[in-house]
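Q: Predicted structure and sequence below. I'll ask about it afterward.
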Amino acid sequence: MADTEHLLIKRYASRRLYNTETSDYVTLEDIAGFIRAGREVKIVDLKSGDDLTRQYLLQIIAEHESRGESVLPIGVLTDLVRSYTSQAQSVVPDFLAASFEMLQQGQSKMMDNMAAINPMASMPGFEAMRVQQEAFFKAMTGGIAPGAGGDGAPAAPAEAAPAEDLDDIKRQLADLQSKLSKM
């Protein structure tokens with residue numbers, strides 16, 4: 001994604017964060033709101049030009065976790081810490097990206113199935129809820145929209161997988177998690 005598509009936030013020496021689009025100062029919670037709304041955000045140090053986006057995204061996650069809004073189980077956090085000091089470091093990013101992509105695809109299929117078999121799907125507000133869910137998963141997975149391939153391009157339409165295929169995928173994911181925790 002080109003930088004022109006990112007909402008540029010500049011961090012001043014005072015550590016204040018400045019939204020270059022609206023010309024005002026913002027908080028971490030404001031940045032989290034932009035991301036939840038589907039915006040791509042880039043945070044840079046005004047003086048050095050260093051990209052600080054990862055640092056601030058991790059800080060947002062840490063603040064949510066510390067307030068009891070836990071999304072990441074202790075075991076996953078522990079394994080992430082271990083991955084920074086092991087050979088697993090090289091496979092963890094790809095593994096996490098693939099896991100979130102599978103989560104997105106499963107959620108997208110679930111929403112599609114609900115729309116097909118659920119009479120509530122025709123109720124006012126259902127479509128808004130579906131869009132909100134997609135935005136949530138987009139935010140959780142670093143901007144990869146449901147159904148998108150790893151390169152951001154829409155994936156080819158997949159045929160509905162039987163329950164056996166889903167069980168097989170779950171087993172493979174469990175095997176990968178087990179191998180990762182042993183590394």
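A: Yep, that arrived. Not measured: the values here are computed from a predicted model.
Q: make it CA atoms for all contacts and neighbour counts henceforth
A: Will do.
Q: Could I get the full set of helices for the protein?
A: Using DSSP state H, the helices assigned to the chain run over residues 28-36, 53-66, 74-83, 92-117, 126-140, 163-182.
Q: Adding mean pLDDT, distance to I43 and mean neighbour count, write these out as CSV.
A: Rendered in CSV, the data for the helices of the chain read as follows (pLDDT from 0 to 100; distance: least, CA to CA, whole Å; neighbours: other CA atoms under 10 Å):
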stretch, mean pLDDT, distance to I43, mean neighbour count
helix 28-36, 94, 10, 16
helix 53-66, 92, 5, 14
helix 74-83, 83, 24, 14
helix 92-117, 76, 21, 15
helix 126-140, 71, 16, 16
helix 163-182, 71, 31, 12
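Q: Mind putting those helices into TSV with distance to T20?
A: Converted to TSV, these look like this (distance: least, CA to CA, whole Å):
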stretch	distance to T20
helix 28-36	12
helix 53-66	15
helix 74-83	34
helix 92-117	30
helix 126-140	21
helix 163-182	41
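Q: out of those, nearest to R16?
A: Proximity to R16, assessed across the helices of the chain by CA to CA, is greatest for helix 28-36 (10.0 Å).
Q: which other residues reach the closest one?
A: The list of residues contacting helix 28-36 from outside it, by CA atoms under 8 Å, 6 or more residues apart in numbering, reads 40-41, 56, 60, 135-136, 139.
Q: Domain-wise, how is this protein divided?
A: The chain breaks down into these domains under automatic domain parsing: 3-71, 83-182.
Q: A135 contacts A37, correct?
A: Yes - proximity of A135 to A37 meets the contact threshold set by CA atoms under 8 Å, at 6.7 Å.
Q: joint contacts of the two?
A: Between them, A135 and A37 have no joint contacts when contacts are counted by CA under 8 Å, 6+ apart.
Q: ok, Y18 touching R11?
A: Yes - using CA under 8 Å, Y18 is in contact with R11, at 6.3 Å.
Q: coming back round to it: what is the nearest of the contacts of helix 28-36 to D112?
A: The nearest member of the contacts of helix 28-36 to D112, counting by CA to CA, is A135 at 15.3 Å.
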